[in-house]
Structures are given as C-alpha cells and as structure tokens.
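# compute the structure for the input listed below.
(one chain, ligands or ions: 2)
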Amino acid sequence: MLMPTIKIDGKSIEVEPGQMLIEAAESVDVTVPRFCYHKKLSIAANCRMCLVEVEGAPKVVPACATPVSDGMVVNTRSTKAITAQKAVMEFLLINHPLDCPICDQGGQCELQDVAMGYGSDLSTFSEGKRAVPDQDIGPLIQTEMTRCIHCTRCVRFGDEVAGIREMGATGRGEHVRIGTFLEKSIDSNLSGNVIDLCPVGALTSKPFRYRARAWEMTERDAVASHDCLGSNVHVHIRRNVVQRVAPRENEVLNEVWLSDRDRFSYEGYNSSERLSQPQIKVDGEWKTVCWEKALSHVANKTASIAQASGPDALGFIASPNATVEEAYLLQKIARFIGTNNVDHRLRLADTSAQTAMPQMPTIGITMPELEQAECVVIIGGNINDEVPLIAQRLRKAALAGAKIFLVDIDPRDQIFDVAGVIPVSELDYVKVINDLVGDQGTADYKALREALNASQKKHILLGCALQEHPDFGAVTMAAKQLADKVGATYGFVTSGANTAGVSLAGCLPHRAVGGATVPNPGLSALEMFKNPRKAYWVLGNEPEHDSLEPITALSALEQAEFVVCVSPFLSATMHSYADVVLPMALPYETAGAFISGTGQWQNFTAGTDGPGETKPAWKILRVLGNLLEVPGCDYLNTQMVRAAIRSEVESVDFRPESVAVNSATKFESSKLYCLPYVPQYSVDGVVRRATSLQKTHSAVQARVVRLSAEAAKAQNLTDGQMVSVKQNEETQAICLPCQIDVSLPANAVVLPWAIKESIVLRAPYQTVEIQPA
Ligand code: SF4
Ligand code: FES
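Ligands and ions are numbered 1, 2, ... in the order given. Here you go, the predicted model:
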C-alpha cells in the first residue's frame, strides 16, 4: 500500500493513512501542545491548544483531529500557528486560578509547562475569575475544580476505559462544570487514572496531598505486587519514604493505566505496624535482639526440632507475593532439612489435580491477545476485583465485538458487556462444565457453546476465587476438557503477584525447581495447618488472614512449639503466635523478580530501604541457609540466585500429569453454605493497611454478609440488619450487617474473608447457620 507523505516543520515523513497530524508530528519528535488529546482516549478536540497551520487551509486546524493526507505541508511553529496557540492559551488562563504555589500539580503540570512556552507574562483580563465549588468524590481523589480547563479527559476515561460513567460535564460556555452528577464518590477501581490524565491540578491524589513536590522525589522503576498482572510502576520516594506510585507504560501489561489497589496501596508501606527490628520471645517476653542472635536462634531451634521430631515436623509457608529468589531459597532450605512441606497456595482447597497443573500457572494468553479474543469464558471469579486491568482489556475486547460469558455461583456486575451468564445455582461447577462439554443444558448453555464454536480466538479463564472451591481439581480438569473440545486456550487468574514465579522456583510440596517431581510429596499449606506441625516458617504472609481456613491456621500456629515469621508487619495476632519475628523488606524495598500472569520475567531493584533494620528476605534466607549449612547458599546478589534457578529449570524435562478427578462434594439444596469472598482491598497485608483504600465504598461495602432472598426470608431478615453467622458448634460466629442479593443461589451466603472479623472462619463451602445478631 502506498503510504501518504507529508511535511511537518520541513521534515518529510511517510505516515499511516488516517493517522492524526499530532501523532504524525510525534513520530518525528515534533511536539504539538495539547490538553484534551490523549493517545488512549477518543478525540474530543475541545481545548484547541493543538492548532497548527496547514498550507492551503483557510484557517489553522486542530492537529489532534485532522487526519493526514498525501502532500500536506504542516507548520506547527509558523507565526500563524503560534499566534493561534498563544490566543488559546490566553483564553485558558482567563479562568485558571494560577495558584501554582499551593497546587500539588505544580512542577508536573501540563498547563504550567505549556504556559511557559505559549503564555504571556501579563494578563489583559481584568474581570473577576470564575470559581467552582469543590466536590468530595471519595478518599482517593482530591478536587479543585476551579482549576479545571474542561478538557474532558476524565469524562472520556470513565466512559471509554473504566466502563463507569462517573464524571460528566454540565452547563454551557463559562458555566461548564465537570463533576460527579450527584456529588457521589467515584467507585471505579481504576479511578486514580484520572489523576494522571488531568492536565492541571483539578484532580489530584488525596493521600499524596501536600506530601511532597515533584522535584523533591526520586523516581524508581518497580513492579506492582497486588495481582498477577504485575503492572509496571514508578515509585516516587522522598527521604526514604514511598510518597506515591504512578503507572509506568508497558503496552503488553498495563498500557498506561494502574488499578487503584496498585496505586494507593503504598500507604501500607508506611503503616505503624511495620516491623523494624528482629525480636525473639524469651520465657514469654518479647526482646529486641540483633540480627546475628535472632538468626542463630532460628537456625539452632529449627535444626533441633528437625532432629528431635523429624524434618516433616516442620512447615514452610511462603506467600504468592514472594520474589522468585525468596521462594527458591525457602524451598532449598526446607528440602535440605529433609521435608517437602513447603507451599505458597494458602487459599487452595483441593490438591487432587495438582500434578496436572502447568509448570507456571498463568493466564495462558497475553494481554494484547486477550484484547483480540472473540469469545472468553470466565469460570468462578470476579475479574473486576481480582485483576482490574484484565477486566479493562476484556472491556476493550467486548467493545470490539467479543462475546464474554460468566460461569459463576456469584456473578457480579462487570465493566464489560456480558453476553451470557450461566449461574452455578447448585454450587457444583463440575456439573455445569460437564453439561457444557456434553452438549447438555438450557438455551444459555447452547448460546455459550455456539459462541465458542463460532470463534477462532477463544479463551477459558479460571478465576482466582475458584481455588477455594472444594472440587477445584475436578473443575480444572473439566475446564481443560472444555477448552480442548472447542480448541480454546486456557489459563488461571492466580493469587498475588508471583504465583507463576514461586511455582517455578519449587515452592510447592509436590514439585521442586522447574516443576521437577519430588519422590515424597509434602503437605499443602492447608494440610500443614490441619495437621499441625511442631514448627513453622512463615514468609511474607499473615496466615490468619491469607489462609483458606483462618481459624485452623491460627490454632495450628498457636499450638506450635516454634514459629518464625519473616514479615514486613507485626500485628498483635502475629505477636501472639510467633516466637521469632524478622523484619523483611517489601517489594519496593528489595531486589528480585516476579513472573507476571502472562509468563513474563520482571526483574526489579530496591527503590528504598525498609524501616529500621529491615532486610530483604532473600538475604535473611541466604544467611539462615548458611547457618543451617545448606550447600551452595553463598549468593552475593539476586542475579546469582536467578542464575541458579535458571540452570536448575533448564535441566528439568517438565510434563504435567494427566489425572482423572471427579467432583467429590455434594451440596444439599435444603442447607445454607458459606461462600468465600476476598474483598479487593484485603488481598494482602500491604493493601489491608492502606488507609485510604480502606475508606473506599468498595472496602466498606465488602464488610457485609450477602445472602439470597430465600435465606433472608427464612430468617425474616431485612437489608442492613446485623446477623450472626456460625459455621459449627466449635467456631465463633461472625457478626456483620446483611445484604440481600437476589442473584445468589437460594442456599448461598457470601462471607468476606481476610478482614478482621473473618479470623474466626473455618473452611468455606461448609454449612452455616444464620440468625439475627
Ligand atoms: S477535571 Fe481535569 S481531566 Fe477533567 S475535564 Fe477538568 S481539566 Fe480535564
Ligand atoms: S489537543 Fe487538540 S483540540 Fe485539544
């Protein structure tokens, strides 16, 4: 195809047909000033800042909305163009308050930058400036709407990307107002992106307000650690304190966006519960000690328990947020001691098909491929909460015509159009999937099958919440069968930032590094708690919140003879069960690698030090390895650890087993069952301590017992009433307000896991009794 050729500021270039002048100019490093244009949003052409001169055109034209045509001669810096740009700038500044000294956007403001180039020193405007009252739109975004220049980027973002139209423009001319229509909070979990989009200081970060100036902070590249996408971020640090987090562009992962969880969870880094010095418990009293003493105590005590009671008396519990290096070293120590009791799958209910799992469980598709998919089936997971930016990619796919289906017990509203929902009303996923495979079921099943069969690019995605189902193994096998039958790709939304990497590093009871089979598989995390061990090493997690069965984990830890917690935080609960606490660095404070949910290795270095005597966990484990005389544990840096992992992975001929597993659980329609729900702002210790996220509508709304209309009716319960839910005689009740949800199966009660109150909970999918509190 013949490419059009144009000339911009004297430079001849070949351009894509249909490309806008502003993009063509950028390709030859000519920057045209702009406010409303953004490469990821539709064209509004309402600010007029990008006016340029096109030879032969009677008037200047907006570069963002003028497509190229062959032979065009464009001047962005001619007198005519600059006069027009300066005139627009003057109009924009008429009502702008020019309060840069007290504006958080100062120093990083597009208006300020462009005004330096095109603004005038003196204003000829002598009338009163317009003032616009602010709105309180929630705990994350601060408004100063007098500064708004009506570019509508925030409005288009809600409409086009986030899928929730929360901001809008009202009024005309000088009376245009941008805001939420009813002064309500913005509830999208992608809302923070408007902070980056707003070219002025009208929308800024509330948690960051007045904390630091842009030029006072250093910027470090990092990888977000709260979902399996591994969004790329910039961490902004001042005086060794993380002040804010912003997206770092990566087209194949997060594009230019960031979820609110990844953006605002940094507040957890500065929590008052950060552990800063090693402590050991001596005769029931906590003592702060030096690292040397703490580490030798851990090594001696671990060795003596292994010798006295056998290595299997030990349990090693990692976090899916551990780096590849941390996970590798932990399993290396465990296996040297002689046990395979090492795991990171704290929420996994069923290991019956674990040998059939991939070497690295991933989403099974890249983000650009997902965006191109024609049909996607999501089984058992609320993708909006689990990985907001995967939901956003699915939204793009749906807008391009993809058909997206949900197969779920508890289908929730999504930011993309859903072509069909197959409710799992009997709580039995295997039956539903088998019906899909076996050409059974209602018209909805048929529609899903037809969509899959009619599509070339199709994907089956198992949600993260599915791992908590007691028949997870059978569900994965059934879903694989469905994928094979229709020729679809298949993958998992996994826990934390690094399930793929931690699995590859061998932090599993049945597989060593690279997925190598181990002769005597150890216990899974759940089994280690159900069959209490004499000693535990807990790395980077809080089992009382992060486990499938909080109370089981807690009681196992409380009765253990020796518990070592390598942890960034120290809560009162951890103090009650631990015997040694060792302060570990969080991801922005350490070097290491994560493997994203798309299988991409992402290495990072430390941006800052943790508080006090915090150390990177890989260093803590390396020294413990040395003290326990683990051979070859003399790594000087994370590159050396990674090299060791890679060489071991290369020597493994990995093959997943094919296993036949049937659904083992029978659910009775006459009984009430509790379903687990991990709220999006409770997924890990950092997020749980991010105070602003905890004030969001989503976090507050999650603290309810959701129950079916039938269950509410049976107990005469009304919306908002306090209820008490009890799992069995031995467990304490959880008391929260109830919320009636007509979309739930009649015998379902959804309880929030990983919040303070849920520490009393045992296994999900068990029968419960509910009554007014
Ligand atoms: S608030 Fe900011 S992003 Fe929204 S219209 Fe105003 S200037 Fe543009
Ligand atoms: S950037 Fe072109 S009109 Fe606003």
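
# going forward, measure contacts between C-alpha atoms and count neighbours the same way
Noted.

# need the residues of the protein near ligand 2, please.
34-37, 45-50, 62-64 (Cα under 6 Å from any ligand atom).

# try it again with 5 Å
34-37, 45-48, 50, 64 (Cα under 5 Å from any ligand atom).

# list the contacts of the residue nearest the centre of the chain.
Residue closest to the mean C-alpha point of the chain, counted by Cα atoms, centre = their mean, is D227 at 3.3 Å. If a contact means Cα atoms under 8 Å, 6 or more residues apart in numbering, then D227 has 386-387, 494-497 as its contacts.

# could you check which helix or strand contains it?
Following DSSP states H and E, there is no helix or strand that holds D227.

# again with I280
strand 279-282.

# contacts for that strand next, please.
Outside strand 279-282, the residues touching it (Cα under 8 Å, 6+ apart) are 286-289, 294, 578-582.

# for the closest residue to Q105 other than its chain neighbours, report the pLDDT, please.
The shortest distance from Q105 to any non-neighbouring residue, by Cα to Cα, 6 or more residues apart in numbering, is to G201 (4.8 Å). With respect to pLDDT, G201 scores 96.

# for E219, see how far away G201 is.
Computed as Cα to Cα, to the nearest Å, the G201 to E219 distance reads 20 Å.

# neighbour count winner among these two?
Taking neighbours as other Cα atoms under 10 Å, G201 and E219 compare with G201 leading, 29 against 19.

# wait, that one sits on C109?
Yes - judged on Cα atoms under 8 Å, G201 makes contact with C109 at a distance of 7.1 Å.

# who in the stretch 51-200 of the chain is up against ligand 1?
So far as Cα under 5 Å from any ligand atom goes, the stretch 51-200 of the chain lies against ligand 1 at 148-154, 198.

# where in the stretch 651-773 of the chain is pLDDT low?
Along the stretch 651-773 of the chain, no part satisfies pLDDT under 70.

# can you map out the strands along it?
Secondary structure of the stretch 651-773 of the chain by DSSP state E, counting those that start in this stretch: the strands cover 673-677, 705-707, 722-726, 734-740, 748-752, 769-772.

# can you add mean neighbour count and distance to I645 and give those strands back as JSON lines?
Below are these laid out as JSON lines (neighbours: other Cα atoms under 10 Å; distance: least, Cα to Cα, whole Å):
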{"stretch": "strand 673-677", "mean neighbour count": "23", "distance to I645": "35"}
{"stretch": "strand 705-707", "mean neighbour count": "27", "distance to I645": "44"}
{"stretch": "strand 722-726", "mean neighbour count": "20", "distance to I645": "46"}
{"stretch": "strand 734-740", "mean neighbour count": "21", "distance to I645": "44"}
{"stretch": "strand 748-752", "mean neighbour count": "25", "distance to I645": "37"}
{"stretch": "strand 769-772", "mean neighbour count": "17", "distance to I645": "48"}
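
# can you redo the ones you listed as TSV with distance to V15?
Converted to TSV, the strands of the stretch 651-773 of the chain look like this (distance: least, Cα to Cα, whole Å):
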stretch	distance to V15
strand 673-677	50
strand 705-707	55
strand 722-726	64
strand 734-740	56
strand 748-752	53
strand 769-772	66
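
# in three-state terms, label G315 for me.
strand (DSSP: H, G, I helix; E, B strand; the rest coil).

# what about it, distance to ligand 2?
G315 is 59 Å from ligand 2, where distance means Cα to the nearest ligand atom, to the nearest Å.

# okay, and the beta partners of that residue?
Y536 (DSSP bridges).

# what's the pLDDT at it?
98.

# contacting residues for the closest residue to ligand 1 within the stretch 351-500 of the chain?
Per Cα to the nearest ligand atom, Q392 is where the stretch 351-500 of the chain lies closest to ligand 1, at 19.5 Å. Contacts for Q392 (Cα under 8 Å, 6+ apart) come out as 161-163, 415-416.

# cool, and E325?
Counted by Cα under 8 Å, 6+ apart, E325 has contacts 505, 592-593, 618, 638, 641-642.

# quick one: which of those is most hemmed in?
Ranked by neighbours (other Cα under 10 Å), the contacts of E325 are led by A505, which has 31 neighbours.

# quick one: contacts for it?
Counting by Cα under 8 Å, 6+ apart, A505 has contacts 324-325, 327-328, 331, 512-514, 645.

# next, format those as JSON lines and append secondary structure, distance to L258 and pLDDT.
Output for the contacts of A505, formatted as JSON lines (DSSP: H, G, I helix; E, B strand; the rest coil; distance: Cα to Cα, whole Å; pLDDT from 0 to 100):
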{"residue": "V324", "secondary structure": "helix", "distance to L258": "23", "pLDDT": "98"}
{"residue": "E325", "secondary structure": "helix", "distance to L258": "26", "pLDDT": "98"}
{"residue": "A327", "secondary structure": "helix", "distance to L258": "26", "pLDDT": "98"}
{"residue": "Y328", "secondary structure": "helix", "distance to L258": "29", "pLDDT": "98"}
{"residue": "Q331", "secondary structure": "helix", "distance to L258": "32", "pLDDT": "98"}
{"residue": "A512", "secondary structure": "coil", "distance to L258": "34", "pLDDT": "97"}
{"residue": "V513", "secondary structure": "helix", "distance to L258": "32", "pLDDT": "97"}
{"residue": "G514", "secondary structure": "helix", "distance to L258": "31", "pLDDT": "97"}
{"residue": "I645", "secondary structure": "helix", "distance to L258": "30", "pLDDT": "97"}
